[in-house]
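K.L.:
this one's structure only:
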Ligand SMILES: N=C(N)NCCCC(=O)O
Ligand SMILES: [Zn+2]
Ligand SMILES: [Zn+2]
């Protein structure tokens, strides 16, 4: 049973009493998981980036997001909710994965995710590179069965192998489809753009069951219409949202490993997520924040607000399911 079933959730440190820049960073200044026992939503870092094909550094992403999240406030007007009062959200620290052995790291991440989900928590994961989505999806599928997937990314990440390696940041969703852990009737990439290896990349991806909403589609049709379409496709299926921060234009997210011009704005991303607030979001990740390439925390701030919207969706769901019981 989570602590929020017995008491009111313990929220963030009060920034009107203790300046928000003081003390060690947890996500949104929330308590650590060991301070509250159990959580409804566990925010967990995965400092792992051995699966990248270009610029490294996403291993530092989780802590950069935590630092940038000090300015988040407890009421989210866009979803009319106080996410940290509706449910116990806590910072579960980091999953320590072997940087020199990707296969072992993938196993470690899956096992750690299993442990968190077994407590009844939903996971809000801060990457790390996109490799981490595969073990997280494996774990979520063990609990919920094949899940619907919304994948925000400039890239397809359904490629086969890189240098013969099957677990990389460009391949997690092909592996996931092969393993039968995704509900292939509700798979979408959002924000896709940029050069590919060949046209076959798109044919393969379509065969796997993915629909594509390109960044140009979002620009032309607007965030509300896109969110409506995605919501209809997802219905009430258990949903996993994976957000590669490079879905944003490099102007909105310079701190990432494989930047592509012509992306969506952070406003568009946040608005699409708010349009999904009624979905049954079981877990989510925000990955590929590489702070060494960031400036003035532009990317980390965007990522912290992204995780805040995702956390709000989960907290609203948890509160709604509690009152309907
Ligand atoms: N998942 C991310 N960010 N990028 C994948 C790019 C793979 C490539 O170099 O072709
Ligand atoms: Zn990407
Ligand atoms: Zn990606």
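P.N.:
Sure thing, it's come through. These numbers were taken from a predicted model, which means no experiment stands behind them. Ligands and ions are numbered 1, 2, ... in the order given.
K.L.:
secondary structure class for residue 20?
P.N.:
At residue 20, secondary structure determined by DSSP: H, G, I helix; E, B strand; the rest coil is coil.
K.L.:
can I assume it is in contact with residue 69?
P.N.:
No - under the criterion of C-beta atoms under 8 Å, residue 20 makes no contact with residue 69, lying 9.8 Å away. (Each C-beta comes from the backbone N, C-alpha and C, glycine too.)
K.L.:
overlap in contacts of these two?
P.N.:
Here residue 20 and residue 69 have residue 29 as joint contacts, going by C-beta atoms under 8 Å, 6 or more residues apart in numbering.
K.L.:
the more surrounded of these two?
P.N.:
Neighbour totals were compared for residue 20 and residue 69, and residue 69 leads with 26 against 17 (other C-beta atoms under 10 Å).
K.L.:
before we move on, which element is the closest residue to that one other than its chain neighbours in?
P.N.:
Nearest residue to residue 69, sequence neighbours excluded (C-beta to C-beta, 6 or more residues apart in numbering): residue 304, at 3.8 Å. Assigned by DSSP states H and E, residue 304 belongs to helix 298-323.
K.L.:
next one: that helix, is it in contact with ligand 1?
P.N.:
No - using C-beta under 6 Å from any ligand atom, helix 298-323 stays clear of ligand 1, coming no nearer than 12.7 Å.
K.L.:
make residue 1 into 857 and carry on from there
P.N.:
All right, first residue 857 from here; so that's helix 1154-1179.
K.L.:
quick one: buried residues of that helix?
P.N.:
Of the residues in helix 1154-1179, 1154-1175 count as buried by neighbour count, 16 or more other C-beta atoms under 10 Å.
K.L.:
hmm, that helix in reach of ligand 2?
P.N.:
No - counting by C-beta under 5 Å from the ion, ligand 2 is not contacted by helix 1154-1179; separation bottoms out at 12.8 Å.
K.L.:
now that helix: average pLDDT?
P.N.:
When pLDDT is averaged along helix 1154-1179, the result is 97.
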